[in-house]
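Colleague: pasting a predicted model and its sequence here:
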Number of protein chains: 2
Amino acid sequence: MSLIVQKFGGSSVANAERVFHVAETVTNTYKQGNDVVVVVSAQGDTTDDLIAKANEINPRASKREMDMLLTAGEQISASLLAMAIEKLGFPVVSLLGWQAGFVTSTAYGSARIHRVEPDRIRKELDKKHIVVVTGFQGVNRYDDMTTLGRGGSDTSAVAIAAVMHADLCQIYTDVEGVFTADPRKVKNAKKLASISYDEMLELATLGAQVLNNRSVEMAKKYGIELEVLSSMTNKPGTIVREANKVEEMLISGVAKDNDVARISIIGVPDRPGLAFKIFTKLAAKNINVDIILQSVGRNGTKDISFTVNRSNLQDTMDLLGPFVEMIGATSVVYDEHVAKISIVGAGMESHPGVASTMFESLFDANINIQMISTSEIKISVLIDEDDADKAVSVIHRKFYGEN
Amino acid sequence: MSLIVQKFGGSSVANAERVFHVAETVTNTYKQGNDVVVVVSAQGDTTDDLIAKANEINPRASKREMDMLLTAGEQISASLLAMAIEKLGFPVVSLLGWQAGFVTSTAYGSARIHRVEPDRIRKELDKKHIVVVTGFQGVNRYDDMTTLGRGGSDTSAVAIAAVMHADLCQIYTDVEGVFTADPRKVKNAKKLASISYDEMLELATLGAQVLNNRSVEMAKKYGIELEVLSSMTNKPGTIVREANKVEEMLISGVAKDNDVARISIIGVPDRPGLAFKIFTKLAAKNINVDIILQSVGRNGTKDISFTVNRSNLQDTMDLLGPFVEMIGATSVVYDEHVAKISIVGAGMESHPGVASTMFESLFDANINIQMISTSEIKISVLIDEDDADKAVSVIHRKFYGEN
């Protein structure tokens, strides 16, 4: 007998029919003799509907009251799923975040899980109940409701799996697993049987929005095996686990990230510490800088280019405008029609030719590379946004054969 | 400085506009230097919508899961009201039943309040917060969500007022107070400035659905002054308080109750204990019997008539059918086209002519009285349903003058 944690997102429980489909998946797992804890998000558009209600009344409502409002969403979906499981004739109980022992930080809207006290869950499992837990939420030390922020339900599921030493944590979603490229764009994209935590983290960061990063980090920290799979089909998904247990592949995936803007400061005087000052200024405003490139400009000056998320572009420009003048640089320009294409794979560490293979495929397709960034298991290039899909396609073909 | 508890029903917070109207009422009370605790029901149709969602999935869902589902309703309205109060610039916090210290029995769907532990409410009031509390709900000793059943939010408000020794408990509703008769039917109906707990209880029982009976009983027990008033207008309502503090009126109101059916067992043999057996049988099935009349029938037999709620009619007939045969009675017949008209007033105890004045007005209007029942402060008659509105009107005119 195993303990299995299953997490279902909002689209998986969007209506009565889907709720029953989830109930069947859950009860099938239970029938095989497993203890089952189910973590569920709010139904389909519930969270958006609640946010709309709040905005109608007070667009600047406190985050505390927003969390009070939003946590009602999972309460509704969890009780409805429990009712469906009752209807199928199985013993079940639904628990709210605070009932399931989720104690979080006080940061309303983006709380972090401090600890999970699983006494109640354990007691219900001992009674042979299927336990449905509201994802995305907890309670802070003031006994107030909190939410975990975007993707929080994944984290809820992994946290329960970690604290209860679950044998498997299944993240049901609307894709069948982790693919070598976006299967909607690349015909020949292959589903991976397994992938390492680190590769998954790189892919998540790069816009392959399959799993929430915090949940993968937590799974890695506690050694929880994750399975990403579809709630619609009954096919096996992709297992995320320790690197030494995953199959050897040169690269695990090709990912595209459009949420990028490039900023260039032209003609920076060649004085020590100026680049440092620029990036300290951005960090103080919580603006994450990704790829950085420094090149020699005219007359002994330097050009410094870097990328930020598009949502940070305006703030970055506002911040740099006066500063650039102050340090005597020539100008600051930006380009938001760029995309970042990355290949990820633990195998590339021991295969030096991977980068050149990637660059060759782009050259063959006449795609210009603006910037390059590399890590042990990742190579990213910045290119024109219009070339992005083509780039993914030609790189994928180069590594995996005909699309 | 006073502590004032204000309760608003679902129609009072049905949409954003009304939520703001409530927020203004609350903040006006706060601005006058009062501590304010607000108890709020779920918005308009929310509870019905949630019940519909549940029925779509499992019409026989457990009451535990129903309560888990339904308590989300007040959570939504309470947080939205708090956001509106924030928008008006006042300090506020919303609390769920369990946060506000409502500990109830384990009877899901119709839990009784065991106690209210008001530490959190007190702490928030000390911080000068307006406190918004979800009505209708609490938590039982298993730490599970419970609901208090119909009219539960009134009871929530009175319970807080009782345990915190509030100076006033205002029940905002969609009528302006307690009237001498239904103001939609009787033009000359007068709003009472005050009424005693006992009179209010009799009126509530009689279908003047202004206040939930449990809340009036609790207010009486703890000596909490209630005010029933409209959330739409700003007029003073009706104060419900100790009998010795209310104005002396011969009768406080004329009420009509259509939820009545009359059952007659014809030809019951004149043996001791038979009537007792009949009513024990009904009590065992939780069927409340109201007016009872025993009359002499033919051949030394008796006829026994009584009234029940219409919803109990079928059960009662099913129960009595075989029993009537067994005891040798002739037959059992029923009439559901009846109505109960009652006058209520603490003053009638010392004025013996009240009953005859009531009967005279019905006689003058040619309305036949089928049954009569009296208590210290109430006289009820059973009449044909078609005569009900006319009966209320002529009785009201007789006591209060021209309509």
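Modeller: Here it is on my side, so go on.
Colleague: off-centre distance for the longest helix anywhere in chain A?
Modeller: The residue-count maximum for a helix in chain A (DSSP state H) belongs to helix A:63-87. In terms of C-alpha atoms, centre = their mean, to the nearest Å, the centre of helix A:63-87 is found 23 Å from the chain centre.
Colleague: please name the nearest non-neighbouring residue to the residue of the stretch 301-403 of chain A found nearest chain B.
Modeller: Across the stretch 301-403 of chain A, no residue is closer to chain B than A:Ser311, which sits at 25.1 Å (C-beta to the nearest C-beta). To be clear about C-beta, it is placed using only N, CA and C from the backbone, and glycine gets the same treatment. The shortest distance from A:Ser311 to any non-neighbouring residue, by C-beta to C-beta, 6 or more residues apart in numbering or on different chains, is to A:Asp259 (7.5 Å).
Colleague: what's the neighbour count on that neighbour?
Modeller: Neighbours of A:Asp259 under the rule other C-beta atoms under 10 Å in any protein chain shown: 14.
Colleague: and the one 4 residues further on, by the same measure?
Modeller: For A:Ile263, the neighbour count with other C-beta under 10 Å is 22.
Colleague: before we move on, what about A:Ala189?
Modeller: Neighbour count of A:Ala189, defined by other C-beta under 10 Å: 20.
Colleague: now A:Lys285
Modeller: For A:Lys285, the tally of surrounding residues (other C-beta under 10 Å) stands at 11.
Colleague: quick check: the residue of the stretch 101-250 of chain A found nearest chain B vs A:Thr106, distance?
Modeller: Nearest residue of the stretch 101-250 of chain A to chain B (C-beta to the nearest C-beta) works out as A:Asp143 at 5.8 Å. Taking C-beta to C-beta, to the nearest Å as the measure, A:Asp143 falls 11 Å from A:Thr106.
Colleague: same question, A:Met371
Modeller: 39 Å.
Colleague: more crowded one of these two?
Modeller: Between A:Met371 and A:Thr106, counted using other C-beta under 10 Å, the more crowded position is A:Met371 (18 against 13).
Colleague: so what's the nearest residue in space to that one that is not next to it in sequence up against?
Modeller: Using C-beta to C-beta, 6+ apart and skipping residues adjacent in sequence, the residue nearest A:Met371 is A:Leu382, 4.0 Å away. Shown in contact with A:Leu382 (C-beta atoms under 8 Å, 6 or more residues apart in numbering or on different chains): A:Val260, A:Arg262, A:Ile291, A:Thr307, A:Val338, A:Ala339, A:Lys340, A:Ile369, A:Gln370, A:Met371, A:Ile372.
Colleague: 7 Å instead?
Modeller: The contact partners of A:Leu382, taken as C-beta atoms under 7 Å, 6 or more residues apart in numbering or on different chains, are A:Val260, A:Arg262, A:Ile291, A:Thr307, A:Val338, A:Lys340, A:Gln370, A:Met371.
Colleague: and if you look at A:Val40?
Modeller: So A:Val40 contacts A:Phe8, A:Val13, A:Glu74, A:Ser77, A:Ala78, A:Leu81, A:Val132, A:Thr134, A:Gly135 (C-beta under 7 Å, 6+ apart).
Colleague: can you report how many residues lie near the last one?
Modeller: Counted with other C-beta under 10 Å, the burial measure for A:Gly135 works out to 31 neighbours.
Colleague: ditto for the second one
Modeller: The number of residues packed near A:Val13 is 29, by other C-beta under 10 Å.
Colleague: got a pLDDT number for it?
Modeller: On pLDDT, A:Val13 comes in at 95.
Colleague: let me see the ranges of the helices in the stretch 301-403 of chain A.
Modeller: For the stretch 301-403 of chain A, the helices defined by DSSP state H, counting those that start in this stretch occupy A:313-327, A:354-364, A:388-400.
Colleague: mind listing what's buried in the second one?
Modeller: So the one you mean is helix A:354-364. For helix A:354-364, the neighbour count (16 or more other C-beta atoms under 10 Å in any protein chain shown) marks A:Val354, A:Thr357, A:Met358, A:Phe359, A:Ser361, A:Leu362 as buried.
Colleague: done for today, thanks.
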